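**Q** sequence first, predicted model second:
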Amino acid sequence: MSHDIYNSPASARVVVYEDDCATPLPSKFVSLTNDTTVVGFDEVKYSFFIDMNEASSSPIFTRDGPTSGSFSFCSDVITESSSGEGVSFSRTKYNVDVDFATFSFVVTTALDEVDEVDVQMVFTVTACECNATYHCTNTVHQQSSTAPILQICLFPGNANQVISNLDLDLTSSVSGFIYHPVSLGTNGYNTDELTFVSESNNALKITTRIVDNLFDGGNSLTVSGTAVFGSGNKQDESCDVNLVIEIEDDDEVAKSGCFEKLLGRVLRFF
């Protein structure tokens, strides 16, 4: 059996009931053949073993002929985060037709009995200027002959949440000039030729340049955009990204340098 379940589960468990979806079904009758498996980002796979000998003597088995009969059972699939937090829930009811003459059975799903619920999770992301080891820093970036390097780290609020797409702007504080280093793509984010993105666990680090037009006499620029959580075509949870970066254009750097030279001369005079 396979279920598409969203919200990045770390593990899953399956519980089997009688057709009332409340009374536990003995494991010797219907049991899981192996451990439940979470595949990739959003799929849970599991399989059942049905003991035909137990089926014939079970009180939930109904005969409709000398060698045939049927029974129904229910399964709950619960996905969980790495901290044990419930992520989503799926309930399915199965009908099993048994033929003892050929020792075979056919399993069908009662589609009108399928119930899937995604537990609402809170999606958050923290943004900061950072260094090569993903630690937050605070730097005043000065304009120079080469565009200064800027590193922005994004940290999802939950260890099981993954940023799969991203849109990012750098905006100057005076002229409103916008530099667009990262944009949303069909199968993930796109970067320009000055930018690259690296990952550590589920954190992203965007390394780009503070291009010259962002130095327009102001003392800061704004980093803004959208971080999208999900996988494949399931990208419907997003968070805003907002961050202020301190900068200093070359005029301010030059003034500072002249002041230091003047102060040095005054000190030598005395």
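**A** Cool, the structure landed. It should be emphasised that the depicted structure is a prediction, and the values quoted were computed from it without experimental measurement. Numbers count the residues shown, from 1 in each chain.
**Q** from V197, how far out is A203?
**A** Distance of A203 to V197, given as Cβ to Cβ, to the nearest Å: 11 Å. Every C-beta, even on glycine, is put in place using the N, C-alpha and C of the backbone.
**Q** ok, now M52?
**A** Applying Cβ to Cβ, the value for M52 to V197 is 54 Å.
**Q** okay, A203 and V197: which has more neighbours?
**A** The neighbour count for A203 versus V197, taken as other Cβ atoms under 10 Å, is higher for V197 (20 against 16).
**Q** helix or strand for that one, just tell me which one.
**A** strand 196-200 (DSSP states H and E).
**Q** and the angle for the helix or strand just after that strand with strand 196-200?
**A** Next helix or strand after strand 196-200 toward the C-terminus (DSSP H and E): strand 203-209. Strand 203-209 and strand 196-200 meet at an angle of 160 degrees, taking axes from the mean of the first three to the mean of the last three Cα atoms, to 10 degrees as the criterion.
**Q** so which elements touch strand 203-209?
**A** For strand 203-209, the elements it packs on are strand 149-156, strand 163-172, strand 178-183, strand 196-200, judged by 3 or more Cβ pairs under 8 Å, 6 or more residues apart in numbering; DSSP states H and E.
**Q** which stretches of the stretch 151-270 of the chain have low pLDDT?
**A** Of all residues in the stretch 151-270 of the chain, those with pLDDT under 70 make up the ranges 231-236, 251-270.
**Q** hmm, back to that, okay, the strand holding V197 in CSV with CA atoms only?
**A** Below are the C-alpha coordinates for strand 196-200, written out as CSV (Å, rounded to 0.1, in the frame of the first residue of the first chain):
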residue,chain,number,x,y,z
PHE,A,196,25.2,30.1,-5.3
VAL,A,197,23.2,28.3,-2.6
SER,A,198,24.6,25.6,-0.2
GLU,A,199,22.9,23.4,2.4
SER,A,200,23.7,22.1,5.8
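**Q** mind listing what's buried along it?
**A** By neighbour count on 16 or more other Cβ atoms under 10 Å, the buried set for strand 196-200 is V197.
**Q** what ranges do the helices span in this structure?
**A** 52-57, 250-269 (DSSP state H).
**Q** ok and the strand holding V197 relative to strand 149-156, angle-wise?
**A** Angle, strand 196-200 to strand 149-156, by the same axes, to 10 degrees: 40 degrees.
**Q** could you measure the residue sitting nearest the centre point of the chain against A12, distance?
**A** The structure's the chain has its C-alpha centroid closest to V162; by Cα atoms, centre = their mean the separation is 2.5 Å. V162 is 17 Å from A12, where distance means Cβ to Cβ.
**Q** and for S72?
**A** S72 is 23 Å from A12, by Cβ to Cβ.
**Q** who has more neighbours out of those two?
**A** More neighbours surround A12 than the other of S72 and A12, with 22 against 18 (other Cβ under 10 Å).
**Q** which ones are touching the residue nearest to S238 when sequence neighbours are not counted?
**A** Distances taken as Cβ to Cβ, 6 or more residues apart in numbering put V228 closest to S238, at 4.7 Å, once the chain neighbours are dropped. Going by Cβ atoms under 8 Å, 6 or more residues apart in numbering, V228 touches 163-167, 184, 235, 237-238.
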